[in-house]
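Q: coordinates only, sequence not included:
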């Protein structure tokens, strides 16, 4: 009797551990996606604005050169 119980308990524990592992992988897999998207959008915004600023700087310097010449 006791060995059967032990086997059953062992199986149950194994199932529980498997579930826990699945849950962990799920949280790891989907945990960072919204933050990751935000980071990507932030980088895109930053690069876009730097491009715009550089364009403005280049245009203003080009205008100055035209006036000097």
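A: Okay, I see it. Computed from a predicted model, the values in this text were never measured in an experiment.

Q: contacts, neighbours, all on C-alpha from now
A: Noted.

Q: Tell me the pLDDT of residue 2.
A: Predicted confidence (pLDDT) for residue 2: 82.

Q: What number of residues are in the vicinity of it?
A: By other C-alpha atoms under 10 Å, the residues close to residue 2 number 7.

Q: start the count at 19, not 1, going forward
A: With 19 as the first residue, the last one maps to residue 20.

Q: quick one: it and residue 27, what's the gap?
A: Taken as C-alpha to C-alpha, to the nearest Å, the spacing of residue 20 relative to residue 27 amounts to 10 Å.

Q: again, but for residue 77
A: 76 Å.

Q: so what sits against both of residue 20 and residue 27?
A: Taking C-alpha atoms under 8 Å, 6 or more residues apart in numbering as the contact definition, residue 20 and residue 27 share no neighbouring residue.

Q: in this protein, which spans are helices?
A: Listed from the start of the chain, the chain has helices (DSSP state H) covering 20-49, 51-86.

Q: Can you flag the weakest of these by average pLDDT?
A: Taking the mean pLDDT of each of the helices of the chain, the lowest value is held by helix 51-86, a mean of 73.

Q: quick check: domain ranges of the protein?
A: Per automatic domain parsing, the domain ranges recorded for the chain read 19-49, 57-87.

Q: Could you give the number of residues near residue 33?
A: By other C-alpha under 10 Å, the burial measure for residue 33, its neighbour count, is 12.

Q: cool, residue 57 as well?
A: 12.

Q: need the contact list for it.
A: So, once contact is read as C-alpha under 8 Å, 6+ apart, residue 57 ends up touching nothing.

Q: any idea how far it lies from residue 66?
A: Here the criterion is C-alpha to C-alpha. By it, residue 57 lies 14 Å from residue 66.

Q: How about residue 23?
A: Distance of residue 23 to residue 66, given as C-alpha to C-alpha: 65 Å.
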